[in-house]
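> Structure for this input, please:
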Amino acid sequence: MKTSIFVPVMPASPADLTPFAQLVHDTAAHRLWQGQSLGLETHQGFAYLAGAGLATPVGTSVTLTALRHPYEAALHARSLAALTGHSPVLGIGAGTPELVESLHGKPYPSPLTAIADYLTILRGLLAGEVVNHQGGEYRMHGALPPLEHPPVELGLGVLRPAAARLAGELADAAITWMTPPDYIRTVLRPELEAGAAKAGRPTPRIVAVVHVAVRRYGRDPHLVALNATREHLSAPHYIDMLRRAGLRVHPAQPGLSARALVEADVVLTGSAPEIATGLRRYREAGVDEVVLNTAGVRMTEDRDAALRDLTDILARVTMPESRQPTPAGHP
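Numbering: from 1, shown residues only. Next up is the predicted model:
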């Protein structure tokens, strides 16, 4: 299982990006990920890093379809591939109905139909094909001019079974967020496999973004978890996913919900070795790449604290298994 890093803040300046890119550059971390940024735009931030000499593999988890036509999304993605010299992951998501309505005048009648249109157009354009697609939400008649670049991996944000099945049919990677490993293993992975079998294609790999916070003197793990997850704990689709996974969460009680995430190891806390042990459960669930997200630490404390946690966890996670200490209570 590969281990990557998530930029834990919506960047407002290069200083919010460069230390995390440098950490990927200097360690065994695999990739640098960002979500949708409304500060420094996500693709432009990655392009800045490449120009500054930090051309690491990158990924988006996720960018929102409502913000750009798939033609422009394909143009951004292949530009990053050419500028970094690596294969980027273009992870997409539909966003909230309110956002879609504010930009398009009405919400998507079917977010999954819109996503299917979007991925279909993206794949054809990035393959250098002339695309003629008359979808329910997105249409495309044309092609991109030729450009040599490493391949772009298409990702889809996945929380629930229907999105997992669609990812199996159309995506290269299923990107989960705040998702328990047992839920990935028992619910999402079977749907991915079913969707892939239906389409006659390989099962997408699974990428899991995981909140982490090392136990430190004076640090309240429940406050860190609340700061990291407060926004998502008010979103109906996250509440539904967590309830399907067996967690007792409620949008009107974010403090208790955040505590439940810590107790269920959805927000991984403890020593660096204990966090490394928790991350192994994602590998056992079939996850190909885990992305360390220290947003709670960054929000509660500062950038240096987030970087210190990442450095300590990476040192433990990337240690050869033959040198890993045996957890207490195991032979």
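
> Could you list the low-pLDDT ranges of the protein?
Screening the chain residue by residue with the criterion pLDDT under 70, one finds the ranges 319-331.

> now the helices: where do they sit in it?
Ranges of helices within the chain are 18-26, 42-51, 70-84, 97-104, 111-126, 161-170, 181-183, 189-199, 221-229, 236-244, 254-263, 272-284, 295-300, 303-317, based on DSSP state H.

> dump the residue contacts of the closest residue to Leu122 other than its chain neighbours.
Residue nearest to Leu122 in three dimensions, not counting chain neighbours: Pro70, with 5.0 Å by CB to CB, 6 or more residues apart in numbering. For glycine as for every other residue, the C-beta is placed from the backbone atoms N, C-alpha and C. By CB atoms under 8 Å, 6 or more residues apart in numbering, Pro70 lies in contact with Asp117, Tyr118, Ile121, Leu122, Leu125, Tyr138, Met140.

> Correct me if wrong: the second one contacts Gly91.
No - at 11.8 Å, Tyr118 and Gly91 do not qualify as touching, with contact defined as CB atoms under 8 Å.

> ok, the longest strand along the chain: who's next to it in the sheet?
The longest strand of the chain (DSSP state E) is strand 205-214. Listed by DSSP bridges, the sheet partners of strand 205-214 and their directions read strand 173-177 (parallel), strand 267-270 (parallel), strand 289-293 (parallel).

> burial of Arg243, as a residue count?
As a burial measure, Arg243 scores 12 neighbours (other CB atoms under 10 Å).

> if I look at the residue lying closest to it once chain neighbours are set aside, how far off is Ala260?
In this structure, Arg243 finds its nearest non-sequential neighbour in Val249, 6.5 Å apart by CB to CB, 6+ apart. With the distance defined as CB to CB, to the nearest Å, Val249 ends up 6 Å from Ala260.

> which of the two has more neighbours?
Set side by side, Val249 and Ala260 show unequal neighbour counts under other CB under 10 Å, the larger going to Val249 at 23 against 20.

> Is Asp265 in contact with Gly278, as I believe?
Yes - in this structure, Asp265 is within contact of Gly278 by CB under 8 Å, at 5.2 Å.

> sorry, back to before: need the helices of the chain in CSV (columns: distance to Val210).
Written out in CSV, the entries for these read as follows (distance: least, CB to CB, whole Å):
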stretch, distance to Val210
helix 18-26, 16
helix 42-51, 20
helix 70-84, 24
helix 97-104, 25
helix 111-126, 23
helix 161-170, 18
helix 181-183, 9
helix 189-199, 16
helix 221-229, 11
helix 236-244, 14
helix 254-263, 11
helix 272-284, 7
helix 295-300, 11
helix 303-317, 10
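
> Of all the ones you listed, which one is nearest Glu148?
helix 70-84 (7.3 Å; CB to CB).

> picking that back up, if I look at the residue nearest to Arg243, how far off is Ala258?
9 Å.

> joint contacts of those two?
Residues touching both Val249 and Ala258 by CB under 8 Å, 6+ apart: Leu233.

> wait, what's in contact with Ala272?
The contact partners of Ala272, taken as CB under 8 Å, 6+ apart, are Val214, Asp312, Ile313, Ala315, Arg316.

> Got a quick ChimeraX command for the buried subset of these?
Once 16 or more other CB atoms under 10 Å is used to decide burial, the buried members of these can be selected in ChimeraX as follows:
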select :214,312,313,316
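
> Go through the contacts of Ala272 and name the one nearest Ala197.
Ile313 (35.6 Å).

> Is it correct that that closest one is in contact with Glu274?
No - with contact defined as CB under 8 Å, Ile313 and Glu274 do not form a contacting pair (10.2 Å).

> How about the contacts made by Leu32?
Shown in contact with Leu32 (CB under 8 Å, 6+ apart): Ser4, Ile5, Val7, Phe20, Ala21, Val24, Phe46, Leu49, Thr56, Pro57, Val58, Gly59.

> In space, what's closest to the last one - neighbours in sequence excluded?
Taking CB to CB, 6+ apart, and ignoring the residues beside it in sequence, Gly59 has Val89 as its nearest neighbour in space, at 3.5 Å.

> does that neighbour have beta-bridge partners, and which?
If you apply DSSP bridges, the partners that Val89 bridges to are Gly59, Glu153.
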